[in-house]
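Peer 1: Fold the stuff below for me.
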Amino acid sequence: MNKSNSYQFVLPSPIGGLGLNLSSKGVTQIAYLSLRAKPNIPKQGLALEVYQQIADYFELRRTEFDLPLDIEGTSYQQKVWRTVAKIPYGKSKAYGDIAGKIHSGPRAVGNACRRNPIPIIIPCHRVVRKNDIGGYCGSVSGKQIQQKDWLLQHEICG
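Peer 2: Residues are numbered from 1 along each chain as shown. Now for the predicted structure:
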């Protein structure tokens with residue numbers, strides 16, 4: 001787990017603190033922290049906008065994000081992330097469905113999702129196995145899977 005002091009801001013959420021990093025171009029990273037991570041809420045600028053949009057998402061007032069992103073990844077990862085970003089709120093797609101759309105394999109899609117630097121905004125939690133929830137953030141059990149399940153239920157059930 002990353003230490004909260006390695007983030008510019010720590011945003012509160014129902015599933016734990018969210019470590020936020022920004023560049024002059026946009027959001028570079030959101031990372032899951034512990035439930036006990038002390039919030040450091042921004043007061044202005046893009047960081048405040050990120051905070052407000054994420055808060056609105058958790059309070060069921062927002063289904064899409066409109067934020068500038070500045071994320072690094074291979075061209076393949078970028079392709080997967082762009083495809084995943086198009087999955088509508090409250091819906092899910094199987095790894096194989098995403099793979100078929102971009103002419104790849106399900107495992108490669110899963111690996112790209114694992115390296116997603118801005119979960120929630122790029123909703124890799126909406127990518128599932130055909131028969132179960134699948135992995136999340138590189139884990140197949142534990143806290144990350146609980147977070148994925150929570151996010152899916154949040155979007156489906158409100």
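
Peer 1: Please enumerate the helices of this structure.
Peer 2: Applying DSSP state H to the chain gives helices spanning 45-58, 75-85, 95-102, 106-114, 143-157.

Peer 1: List the contacts of the residue nearest in space to the middle of the chain.
Peer 2: The chain has Pro119 as the residue nearest its centroid, 1.2 Å off, counting by C-alpha atoms, centre = their mean. For Pro119, the contacting residues are Ile30, Tyr32, His125, Cys137, by C-beta atoms under 8 Å, 6 or more residues apart in numbering. Every residue, glycine included, has its C-beta placed from N, CA and C.

Peer 1: rewinding a little: return the most buried member of the helices of the chain.
Peer 2: Counting by mean count of other C-beta atoms under 10 Å, helix 106-114 has the highest mean neighbour count of those, with a mean of 19.

Peer 1: From the chain's centroid, how far away is it?
Peer 2: 14 Å (C-alpha atoms, centre = their mean, to the nearest Å).

Peer 1: For the closest residue to Leu33 other than its chain neighbours, give me the backbone phi and psi.
Peer 2: Leaving aside its sequence neighbours, Leu33 sits nearest to Gly17 (C-beta to C-beta, 6 or more residues apart in numbering; 3.7 Å). Main-chain dihedrals, Gly17, degrees, to the nearest 10: phi -70, psi 150.

Peer 1: quick one on the thing from earlier: out of the contacts of Pro119, flag the one nearest to Asn131.
Peer 2: Closest to Asn131 out of the contacts of Pro119 is His125 (17.0 Å), distances taken as C-beta to C-beta.

Peer 1: residue contacts, the closest one?
Peer 2: Neighbouring residues of His125 by C-beta under 8 Å, 6+ apart: Pro119, Tyr136, Gln147, Lys148, Leu151, Leu152.
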